[in-house]
Structures are given as structure tokens and as C-alpha cells.
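Participant: Next comes the sequence, and after it the predicted model I'd like to discuss.
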Amino acid sequence: MLLFREKIPTTWLPKVLVNLPAVLVDHAHLERKAATSALNLEKFRDLFPRVDDLNAIAIEELQHFQLVLNLLKKRDIPFGQAYPSAWISGLMRAVRNGARHQVIDHLICCSLIEGRSCEKFQVLAQALVSRDPELAAFYQGLVESEGNHYATYLLMAKEIDEPETHRRLDYYLQLDAELIRVPNPLPLLH
Ligand SMILES: [Fe+2]
Ligand SMILES: [Fe+2]
């Protein structure tokens, strides 16, 4: 179950639907960054017992990346440059220093990014059913996996320090709610 306190802005879906090629390029980068985030988490001592699970996530994200690249090729959309997301950098800027604080904050950020992806892929899949059934099925096919990543990252943080995770989750859900309200004209998923 997703815990978000603020709905996706109503301007998001129309913006995405009229910019699908650019959104797919952004999505490709998002999967690439999700794979590297999983690998980067492996450097934290508190996550050494979870290294196999993090590898599994990284492999899955890399497979998603390849699926998006295949779709780009099929649709003659050139792979292009990545644009920074103010929402993601806003979350990441709040990551604290200090080994345990850092790993918990990182895990919560990753969890919220996965959770918002899961939520947005679901919305996109529904909106695309009649206008682009292939893309609708593609996004529907990713919902479960991103939802599992959301839950796994949150669980990993709780395993390290449950009360601290709850405190920081409360903080991050508030931050997410504030950041997601900031209008963003770029054709990005986040
Ligand atoms: Fe993914
Ligand atoms: Fe994911």
C-alpha cells in the first residue's frame, strides 16, 4: 500500500500524454538510475546482509532499462540526454550525513521514487488503454515490480532501525507532498 499524502498533480498526465517520446527517453534514464542506485546501496555496511537482494533489484532495473530501449528502437525514438528532476534532487538533497542516517535516508528516497513510479505507471497504463494499447500493457507490466521495490527498500530501512525509519518517513512524505506540488513543465515522469 502506498503512503503518499499528496495526489499526483492534475497537470502531470496531460503533459506526459502529449510528450510520449520524450517521456520514454526520460523513463529509460530512470531505469538506468534505478539500477545504479541499487548498486550504490551495496556500499553501506548495514546493507551487506542484503547484497544479493540489491543485486536482484539492480538486474531487474537493468532489464527494465533494456525493455525501454527496445521500445525506443521499435518506435524510432533516438536515445537522448537525461534531464534532472527537481523532485528527485529535492528528496536527495535532504539525505543526511553519518553512516546510519545516510543509509536510512537513501533507502527511503529510493522507496518513494519506486512508489511514485509504481503509482504513475498505473495511471499512465489506464490512460493509454485505448490510445496506445502496446504502451499501456508495457506500463501495466512494470507496476508490480516497482511496487515490490518500494516495499523492499522500506523494509530494508526498517530492518536497520525501525523507529528512525518511521521518523524519517514522516519527514520525507511531507517533503514529497511539498515538492510534487511545484509545477514542472518538463516532460519527465518525476
Ligand atoms: Fe524499474
Ligand atoms: Fe524499480
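Facilitator: Noted; the coordinates are in hand. Ligands and ions are numbered 1, 2, ... in the order given.

Participant: CA atoms for contacts and neighbours, from now on please.
Facilitator: Will do.

Participant: in which helix or strand would I find the residue in the chain that ligand 1 sits nearest to?
Facilitator: Scanning the chain for proximity to ligand 1 using Cα to the ion identifies Glu61 as nearest, at 4.4 Å. For Glu61, the host element (DSSP states H and E) is helix 51-74.

Participant: Name the next helix or strand downstream of that helix, please.
Facilitator: Next along the chain from helix 51-74, counting by DSSP H and E, comes helix 86-93.

Participant: hang on, the earlier thing: would you mind listing the buried residues in the helix holding Glu61?
Facilitator: Buried residues in helix 51-74, counted by 16 or more other Cα atoms under 10 Å: 51, 53-55, 57-62, 64-65, 68-69, 71-72.

Participant: Over to stretch 123-130?
Facilitator: Result for stretch 123-130 [16+ other Cα under 10 Å]: buried residues 123-128.

Participant: repeat for stretch 168-175
Facilitator: 168-169, 172-173, 175.

Participant: which residues touch it?
Facilitator: Residues from elsewhere that reach stretch 168-175, judged by Cα atoms under 8 Å, 6 or more residues apart in numbering: 3-5, 91, 105, 108-109.

Participant: got the CA positions of that stretch in CSV?
Facilitator: The C-alpha trace of stretch 168-175 is given here as CSV (Å, rounded to 0.1, in the frame of the first residue of the first chain):
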residue,chain,number,x,y,z
ARG,A,168,12.3,9.9,8.6
LEU,A,169,9.4,8.5,6.5
ASP,A,170,7.1,11.1,8.1
TYR,A,171,9.6,13.8,7.2
TYR,A,172,10.1,12.5,3.6
LEU,A,173,6.4,12.1,3.0
GLN,A,174,5.9,15.7,3.9
LEU,A,175,8.8,16.8,1.7
